[in-house]
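>>> no sequence on this one, just coordinates:
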């Protein structure tokens with residue numbers, strides 16, 4: 001997709017967003033961060049800048065990105081575009097370098113640590129979410145402990161934890177030292193407890209702040225929406241606030257969400 005074609009698409013979509021009240025778009029794909037790497041006339045930052053100019057769009061989100069894309073230049077550019085939400089699903093999969101290598105990941109924990117620090121440097125309110133696999137083939141107790149400790153160190157706003165699932169036809173399925181199901185479940189449960197704690201710490205840090213909330217649902221006098229850093233917020237109000245962006249003071253945490 002060249003820039004001229006992209007500009008025409010954005011121009012044609014602009015009245016659609018305005019007339020139908022859409023406030024937020026999500027840039028998604030198999031590998032969003034690779035956009036433009038096969039061309040010289042565009043890049044992920046360039047497409048962000050063009051979408052940022054669309055009248056009627058107030059928020060732009062990503063699907064997941066890998067830590068390799070997060071440079072000082074990238075983070076600075078994001079910080080200069082206020083419509084881009086300060087929430088990034090930063091792919092991890094494991095906090096153990098040995099396991100990451102076995103997974104054929106193109107980054108290690110130090111690169112991930114740098115990416116997280118860079119995003120937090122330019123976007124102080126950023127929320128980092130991720131996915132972590134428990135029990136990848138060959139994962140020893142020491143490997144798991146390294147992954148567990150790294151997850152605690154980063155302090156994710158939310159993490160999706162799941163057990164490795166053997167799938168025929170994949171390289172991993174043929175690897176030796178497959179981890180027993182009972183061990184995978186135990187490790188998964190431990191990771192869930194740790195990341196649930198960091199989730200609660202993140203939500204608690206929002207108490208007392210005033211944030212712009214884009215409301216998505218309204219039912220039985222309760223409106224539900226999300227802040228720019230993807231904090232779920234519930235507000236009691238008989239009015240239907242769906243589709244509106246309003247300032248909300250967050251007062252407390254309940255279960256897995258905030259109340260304002």
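The structure has been received and is ready for your questions. Remember, predicted model here, so these are calculated numbers, not experimental data. Numbers count the residues shown, from 1 in each chain.
>>> Quick check: the gap between residue 163 and residue 255.
According to C-beta to C-beta, to the nearest Å, residue 163 stands 24 Å off from residue 255. (C-beta placed from N, C-alpha, C; glycine too.)
>>> On the pLDDT front, check residue 141 for me.
On the pLDDT scale, residue 141 is placed at 97.
>>> Tell me the helix or strand right after the lowest-mean-pLDDT helix or strand in the chain.
The weakest-scoring helix or strand in the chain, judged by mean pLDDT, DSSP states H and E, is helix 3-20 (a mean of 66). The helix or strand immediately downstream of helix 3-20 is strand 24-27, counting by DSSP states H and E.
>>> for that next one, packing partners?
Contacting strand 24-27 under the criterion 3 or more C-beta pairs under 8 Å, 6 or more residues apart in numbering; DSSP states H and E are the following elements: helix 44-52, strand 59-62.
>>> For the shortest one, name the packing helices and strands.
For strand 59-62, the packing partners by 3+ C-beta pairs under 8 Å, 6+ apart come out as strand 24-27, helix 44-52, strand 87-89.
>>> How far off centre is that strand?
10 Å (C-alpha atoms, centre = their mean, to the nearest Å).
>>> neighbouring contacts of that strand?
23-28, 32, 48, 51-52, 81, 83-85, 87-89, 214, 228 (C-beta atoms under 8 Å, 6 or more residues apart in numbering).
>>> how about low-confidence regions in the stretch 51-200 of the chain?
Under the criterion pLDDT under 70, no range of the stretch 51-200 of the chain is flagged.
>>> What subset of the contacts of strand 59-62 is buried?
24-25, 27, 32, 48, 51, 83-85, 87-89, 214, 228 (16 or more other C-beta atoms under 10 Å).
>>> All the helices of the stretch 51-200 of the chain, in order from the start?
For the stretch 51-200 of the chain, the helices defined by DSSP state H, counting those that start in this stretch cover 72-79, 97-102, 109-122, 141-154, 181-205.
>>> Ok, which of those helices comes nearest residue 260?
Residue 260 sits nearest to helix 181-205 of all the helices of the stretch 51-200 of the chain, at 11.8 Å, using C-beta to C-beta.
>>> That closest one: which residues count as buried?
For helix 181-205, by 16+ other C-beta under 10 Å, it's 184, 187, 188, 190, 191, 192, 194, 195, 198, 199, 202, 203.
>>> name the helices or strands packed onto it?
Under the contact criterion of 3+ C-beta pairs under 8 Å, 6+ apart, helix 181-205 touches strand 127-134, helix 141-154, strand 158-163, strand 252-254.
>>> Report the distance from it to the chain centre.
Helix 181-205 sits 17 Å away from the centroid of its parent chain (C-alpha atoms, centre = their mean).
>>> before we move on, the earlier item: quick one, which of residue 163 and residue 255 is more surrounded?
residue 163 (18 against 10; other C-beta atoms under 10 Å).
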